[in-house]
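# from the sequence below, what's the structure:
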Amino acid sequence: MDLRLLRAFVTVARLRTFGAAADSLATSQPALTKQIQVLERRLGSVLFVRGRHGARLTPEGELLLPDALQLIERSEAFERRAAQVAAGEEGSLAIGFGMSGIELAPRAVALFRSRWPRVSVSLEDMSSAAQCERLQAGGLQIGFVRLPVPVGLEHLRLRKDRLALALPIDQSVPRDLARWLDGRPLVQLEPGRGPGLTAQINGLYAELGCHPQVLQEARDIQTMLALTAAGAGPSVVPLSAERIAPGEIRLVPLPGRAATWWIGAAWSTRTPLTERFLQAAAEVARGS
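Just a heads-up that it's a prediction; the model follows:
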């Protein structure tokens, strides 16, 4: 149904004269008359009776007017909502985060949702490699990943992270960390759970010339930290995990160029919605 014709119908019904309705619609009276005639032919009903006192709705017109008003209202509501979606004020976002984003991502989501409560946000924990695959496939809109990113993705640098040695708080910090780590049994992350973090740690071991042993593997950083706090053994984790670490342990930054890396927000397609989220993520990163 042509909404232009419905608006003509509703306006004539409201103002009760074709002349006043034509002025309201910024058209000529003959053009308005033609629109009403076209609508009447499509509906198979006469809508108005014209006389010396203006235009009066026929019984058919009286019955159809509420439906016309409802259709116009729904159309206008659709246009308003479409504008909100296009402006990034409504919609949904699927966000990924990895080990290094375990503290940054939830805070960015909280800030974003406080400003745009009509946007639905999902947050899923996965490795940087898995996030990049999902971003390229369209399954994620934004990922908190280890930089650099593959060709085809864009990114925004947020902050640096660093590898740290997690120790029980009552254990003294070794003076020569490289020598102390060499051959020492450590709690480590399952390589498949964080291939980027595992590669970073192995690169640092190669730079320091040490070869720690595997005491026990864990599926996530929280479990690694809990095992270290319980006295099972030390572990090497991102320094950003300090915010979720138990009070019974300390994190000691490790030396070496390979100990640091950039964390960033990555995306495949930039929209007003992702733009708003990136602004929130940048604010959180600056304030941390």
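# how close does the residue lying closest to residue 186 once chain neighbours are set aside sit to residue 174?
Among residues not flanking residue 186 along the chain, residue 212 sits closest, at 4.7 Å (C-beta to C-beta, 6 or more residues apart in numbering). (Each C-beta comes from the backbone N, C-alpha and C, glycine too.) Counting by C-beta to C-beta, to the nearest Å, the separation of residue 212 from residue 174 is 13 Å.
# and if you look at residue 96?
Distance of residue 96 to residue 174, given as C-beta to C-beta: 36 Å.
# of those two, who's got more company?
With other C-beta atoms under 10 Å as the criterion, residue 96 and residue 174 differ in neighbour count, and residue 96 comes out ahead with 26 against 15.
# okay, the residue nearest to residue 28 when sequence neighbours are not counted: pLDDT?
Nearest in space to residue 28, with sequence neighbours left out and distances taken as C-beta to C-beta, 6+ apart, is residue 22 at 6.0 Å. Turning to residue 22, the model gives it a pLDDT of 93.
# assign residue 22 to helix, strand or coil.
Per DSSP: H, G, I helix; E, B strand; the rest coil, the secondary structure class of residue 22 is helix.
# and it, how many neighbours?
21.
# with residue 261 instead?
Using other C-beta under 10 Å, residue 261 is surrounded by 19 other residues.
# which stretch of helix or strand covers it?
Assignment of secondary structure by DSSP states H and E places residue 261 within strand 260-267.
# which other residues reach the helix or strand just after that strand?
In the C-terminal direction, the helix or strand that comes right after strand 260-267 (DSSP H and E) is helix 272-287. The contact list for helix 272-287, computed with C-beta atoms under 8 Å, 6 or more residues apart in numbering, reads 86-88, 91, 93, 95, 104, 107-108, 111-112, 115-116, 119, 141-142, 144, 156, 158-159, 265, 267.
# now residue 190: how far from residue 10?
Here the criterion is C-beta to C-beta. By it, residue 190 lies 65 Å from residue 10.
# coming back round to it: neighbours of the residue nearest to residue 186, how many?
Applying other C-beta under 10 Å, we find 20 other residues in the vicinity of residue 212.
# quick one: pLDDT of it?
Here, the pLDDT recorded for residue 212 equals 96.
# what are the ranges of the strands in the stretch 101-250 of the chain?
For the stretch 101-250 of the chain, the strands defined by DSSP state E, counting those that start in this stretch cover 119-125, 142-146, 154-168, 185-189, 213-218, 235-238, 249-253.
# winner for burial among those?
With neighbours taken as mean count of other C-beta atoms under 10 Å, the strands of the stretch 101-250 of the chain reach their highest mean count in strand 142-146, at a mean of 28.
# just the CA atoms of that one, as CSV, please.
As requested, the backbone C-alpha atoms of strand 142-146 are provided in CSV (Å, rounded to 0.1, in the frame of the first residue of the first chain):
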residue,chain,number,x,y,z
ILE,A,142,34.6,-6.4,17.9
GLY,A,143,37.3,-8.4,19.6
PHE,A,144,39.9,-7.6,22.3
VAL,A,145,42.9,-9.3,20.8
ARG,A,146,46.7,-9.5,20.8
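# just for this structure, where's the confidence low?
For the chain, applying pLDDT under 70 flags the ranges 288.
# just give me the longest helix of it.
Within the chain, and with DSSP state H defining each element, the longest helix by residue count is helix 59-86.
# look up how far residue 125 lies from residue 101.
Distance of residue 101 to residue 125, given as C-beta to C-beta: 9 Å.
# so is the residue most central in space within the chain in a helix, a strand, or just coil?
In the chain, the C-alpha closest to the average C-alpha coordinate belongs to residue 93, at a distance of 3.4 Å (C-alpha atoms, centre = their mean). Using three-state DSSP, the secondary structure recorded for residue 93 is strand.
# hmm, it is touching residue 124, no?
No. Using C-beta atoms under 8 Å, residue 93 is not in contact with residue 124, being 11.3 Å away.
# and the strands of the stretch 101-250 of the chain as JSON lines, adding distance to residue 52?
Formatted as JSON lines, the entries for those read as follows, by distance: least, C-beta to C-beta, whole Å:
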{"stretch": "strand 119-125", "distance to residue 52": "56"}
{"stretch": "strand 142-146", "distance to residue 52": "66"}
{"stretch": "strand 154-168", "distance to residue 52": "68"}
{"stretch": "strand 185-189", "distance to residue 52": "88"}
{"stretch": "strand 213-218", "distance to residue 52": "90"}
{"stretch": "strand 235-238", "distance to residue 52": "85"}
{"stretch": "strand 249-253", "distance to residue 52": "90"}
